[in-house]
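1. pasting the structure only:
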């Protein structure tokens, strides 16, 4: 078991009113799964992903990641945990515009204090694997959306995470680019990487091993 | 990691060229400005610090009481130095000394140089370093003279041994050069070009050996182990034990205070130039602060653009600490670039600055103190300017900024507005100060002096000139260029030559009034344009006038009641002086040009004491012609002397040096403060316009005109400037009112000055902001709306 959510809830206050973003969710994710979170806008897909990724917190319930209770951890430990095990892929890619492809991919390694020679080798490998060696000195703005997302995924993978969280990874891409990205996810999953993606698209969801449907913050079907 | 930061910082700088320029340029101006001020302060602080015994050297001024008020004079009785040395334990060396300008001649080569007649101890107190001759043999004979290297070279030529040569002083006395000393450091309060034994000064006149006549500068050196308080106490008591019926006392004034703390009031040091040194140092810091404020402002304003980067980095695993480090290293780098620019700017502008302050400052980049100070300024600016943005930016929550929700703006916005207000407060205060300092200087320059300073030449003369004066005056007039000429014992602008103990009204209450003596020739009032308002001037016969005097109006008022005339009254001093008042002269301004009026004056017809000649040229005669005519006459009758003169109006203008310096620097700083503030405002306006581009687009689609949008965008900024005006006016009023209190003759602060400053600030701000506002307002709304 990679992670387990027990009755997790997220409630925020907005303008004096309580808004329930996530309502009593129970979910267990095993290693090697490829889960697609589906549901209309505002159903809580992104919130759930962010909370699983520890960028945000559940307000109630238990979150166990690799047998550790996340809500009991201090900020630092949590950061260490997600730095180690989780990679993020964003809809808007969120590459740093001032850095080249190479440097963008390298950034997580810097935060892990990995030695320069090792960094070189790791980044080199992944550039090879993604067939973007030729693009390594370009800046994000010089790439197409699909290529940017490729870099985004490469960056998410560079730290060898156990879990990749992808929030609408193809939301800004055309269908051909989308297909390529999903193929890539699928092959990564076969290599043993656990993936949770939030998506609107049935066809994207079909790449996954399991679909979780959300509505108004609750899981409606699995 | 650091490399990564630097790389990012550089690319981000390059990508946002405009913003980087505003930031770096603003900070560079700030550092440049501060560097100038600190160089000036350093120079002021370096005065009188190049002497081996500087810790133990003291000047001895005297406090004298006139009309119930203690006044401090830079003069002491002749015997004081010797008595201090023999009577006061702890005083190791003491010297009398008098600063004199003398004519020196070697063959045909003549120059005027000022130097000092002094006792032998003088050489030790100031640790004079002999290049030729030696300390031991320098003052063995009364005809000895010691020259500075520069003076020796001018008289005898370069690479010529001056030692043992003879020169002629004042066209009559021979002196033997017994030593050549190294040139003195430039920054010294009592400079001199030569030193000669005191014995020959005024041929050792009797009055110089008595108490009661103050004329000498006294310098002393204390033993290193002496207790200052104990010595000073004894010095203060000394004159009373030597002279009867006097309240005068001497005291010690330390060498380190000569330059900066030499303003006395009520017999005590009350400051001096140190006020300006402190003021400017504070201004330097203020300017640095406004430059840093810009930096903070622009950085936080740009935070939204960077928020995304913060979010990504946090999601990639960066800790807050690392982000803070990153942002601070960025701002340090900017500060470093700014510092390099400012070094270049200082190097380029230093000659101009030197002209303004009349100094010869140098960049001194090899001086470790300068390097250290520059590094310290750079690092502090970098940290100070980067700290707030760093903490602010790093506090963003990744989820929020990645989702595209705006970072919470409340506190940042408030601080940003506060900072803009702060900058404009400072700018407005500077504007007001500039106007008022300028007004005050003009006010004094244009004041009614009681004489006509224009076309009036002043020339120092020696005693052998005096018998020739009548002839020279005739010939000068005959040239057609000269209106008239006269002689006096004092420069017209200067104080000094005074005394007390005079009686009128039968001898009560008048002895402690200090009167100035002006020994003049008959033509004095006519030449200088002073007005005799009652009675008559002196006649042709000097002997007949020996018991006559003219008094200044203020003295006449003291002598008689309102409706009475002072003419015919007798002024006495002891049993030997009795002067009949034959005329009353309108008060004139001399000594302190800012004072409401100088001491009362006694004019006496004693041309034999003259030290200066004044020549009034005729209206309409070109200066060149007048000067060459005068030179012709003087060369003919007084060939031994070089033709050296000053114009009285020039000399008058130099009295405003300090104030002029303050005025010019205040102006400079006002311009820079405004420039830096405007850079910041420009950046902020650009940012606001950009941030509100969607709103502007929507408004335009809904039918808003360009004007309404410009108004909308400018209004907020003008409100800030308005607040700044309200805060700045009382501060400026208070500060300038304080400054003006130092001047008895001063302007009233007019309310319109504040209006001008306020309107100027508003116009400048409006010009800065409206550029951006107009640009935003005329943009095509389709462009701004389609991005959403």
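-> Arrived safely. Since the model is a prediction, treat every value here as computed from it, not as a measurement.

2. burial measure for the closest residue to chain B within chain A, as a count.
-> Going by Cβ to the nearest Cβ, chain B is nearest to residue A:83 of chain A, at 3.4 Å. The C-beta positions use only the backbone N, C-alpha and C, and glycine is treated the same way. When neighbours are defined as other Cβ atoms under 10 Å in any protein chain shown, residue A:83 has 20 of them.

3. Over to residue B:198?
-> As a burial measure, residue B:198 scores 24 neighbours (other Cβ under 10 Å).

4. I'd assumed residue B:94 was in contact with it.
-> No. The criterion here is Cβ atoms under 8 Å, and residue B:198 misses it with residue B:94 at 11.8 Å.

5. Can you check which residues contact both of the two?
-> Residues touching both residue B:198 and residue B:94 by Cβ atoms under 8 Å, 6 or more residues apart in numbering or on different chains: residue B:119.

6. Pull up the distance across stretch A:105-121, start to finish.
-> In stretch A:105-121, first residue to last residue: 12 Å (Cα to Cα, to the nearest Å).

7. go on, stretch B:75-89?
-> First-to-last distance for stretch B:75-89 - Cα to Cα - comes to 22 Å.

8. ok, back up a step: wait, the residue of chain A closest to chain B sits on residue B:317?
-> Yes. Between residue A:83 and residue B:317 a contact is recorded at 3.4 Å, counting by Cβ under 8 Å.

9. give me the low-pLDDT residue ranges for the stretch 251-400 of chain B?
-> For the stretch 251-400 of chain B, the stretches with pLDDT under 70 are B:304.

10. In it, what residue lies closest to chain A?
-> Of all residues in the stretch 251-400 of chain B, residue B:317 sits closest to chain A, at 3.4 Å by Cβ to the nearest Cβ.

11. what's the burial count for that residue?
-> Here the number of neighbours of residue B:317 (other Cβ under 10 Å) works out to 23.

12. Wait, it touches residue A:85, no?
-> No. Residue B:317 is not in contact with residue A:85 according to Cβ under 8 Å; the separation is 10.6 Å.

13. what touches both of those two?
-> Common contacts of residue B:317 and residue A:85 (Cβ under 8 Å, 6+ apart): none found.

14. Please enumerate residues in contact with the helix-or-strand element of chain A with minimal mean pLDDT?
-> Across the helices and strands of chain A, mean pLDDT, DSSP states H and E gives its lowest value to helix A:75-85, namely a mean of 81. Identification of contacts with helix A:75-85 by Cβ under 8 Å, 6+ apart yields A:53-55, A:65-66, A:68, A:70, A:73, A:108, A:111-112, A:159, A:161-163, B:316-317, B:319.

15. Tell me which of these fall in helices.
-> A:108, A:111 (DSSP state H).

16. and the contacts of helix A:75-85, which are buried?
-> Neighbour counting over those (16 or more other Cβ atoms under 10 Å in any protein chain shown) leaves A:53-55, A:65, A:70, A:73, A:108, A:111, A:159, A:161-163, B:316-317, B:319 as the buried ones.

17. if we take those residues, which one ends up nearest to residue A:196?
-> Residue A:196 has its nearest neighbour among the buried ones among the contacts of helix A:75-85 in residue A:163, at 7.0 Å by Cβ to Cβ.

18. mind listing what the closest one touches?
-> Contacts of residue A:163 (Cβ under 8 Å, 6+ apart): A:2, A:3, A:29, A:52, A:85, A:86, A:87, A:193, A:194, A:195, A:196.

19. How about residue B:231?
-> Shown in contact with residue B:231 (Cβ under 8 Å, 6+ apart): B:88, B:89, B:90, B:91, B:222, B:252.

20. which other residues reach the following helix or strand past the least confident helix or strand of chain A?
-> Sequence order places strand A:86-89 as the next helix or strand after helix A:75-85, per DSSP states H and E. For strand A:86-89, contacts defined as Cβ under 8 Å, 6+ apart pick out A:53-54, A:108, A:149, A:152-153, A:155-159, A:161-167, A:169, B:315-316.

21. got it, and stretch B:281-293?
-> Under the criterion Cβ under 8 Å, 6+ apart, residues B:26-27, B:29-31, B:33-34, B:37-38, B:41, B:377, B:381, B:384-385, B:419, B:422-423, B:426-427, B:665, B:669, B:672-673, B:676-677, B:680 lie in contact with stretch B:281-293.

22. Tell me how many other residues crowd whichever residue of the stretch 401-550 of chain B sits closest to chain A.
-> Nearest residue of the stretch 401-550 of chain B to chain A (Cβ to the nearest Cβ) works out as residue B:402 at 6.3 Å. Residues near residue B:402, counting by other Cβ under 10 Å, number 25.

23. Could you confirm whether any residue of the helix or strand harbouring residue A:21 contacts chain B?
-> Using DSSP H and E, residue A:21 falls within strand A:17-29. No. Residues of strand A:17-29 are not located near chain B by Cβ under 8 Å from any Cβ of the partner chain, the shortest gap being 11.6 Å.

24. which residue sits closest to residue 143 in space, ignoring its chain neighbours?
-> I went with chain A, as the question did not name one. residue A:135 (6.5 Å; Cβ to Cβ, 6 or more residues apart in numbering or on different chains).

25. Wait, chain B was what I had in mind.
-> Using Cβ to Cβ, 6+ apart and skipping residues adjacent in sequence, the residue nearest residue B:143 is residue B:176, 5.1 Å away.

26. Looks to me like the one you found is in a helix.
-> No. With DSSP: H, G, I helix; E, B strand; the rest coil as the criterion, residue B:176 is assigned strand and is not in a helix.

27. May I have the beta-bridge partners of it?
-> Beta bridges link residue B:176 to residue B:144, residue B:166, judged by DSSP bridges.

28. What residues does residue 33 make contact with?
-> Chain wasn't specified; assuming chain A. Residue A:33 makes contact with A:2, A:194, A:195, A:196, A:209, A:210, according to Cβ under 8 Å, 6+ apart.

29. wrong chain, I was asking about chain B
-> B:284, B:287, B:288, B:668, B:669, B:672.

30. Okay, the third one and residue B:683: tell me how far apart.
-> What that stands for is residue B:288. 18 Å (Cβ to Cβ, to the nearest Å).

31. Now list the buried members of the contacts of residue A:33.
-> Buried members of the contacts of residue A:33, scored by 16+ other Cβ under 10 Å, are A:2, A:194, A:195, A:196.

32. quick revisit: for the residue nearest to residue A:143, give me its contacts.
-> Counted by Cβ under 8 Å, 6+ apart, residue A:135 has contacts A:101, A:143, A:147, A:151.
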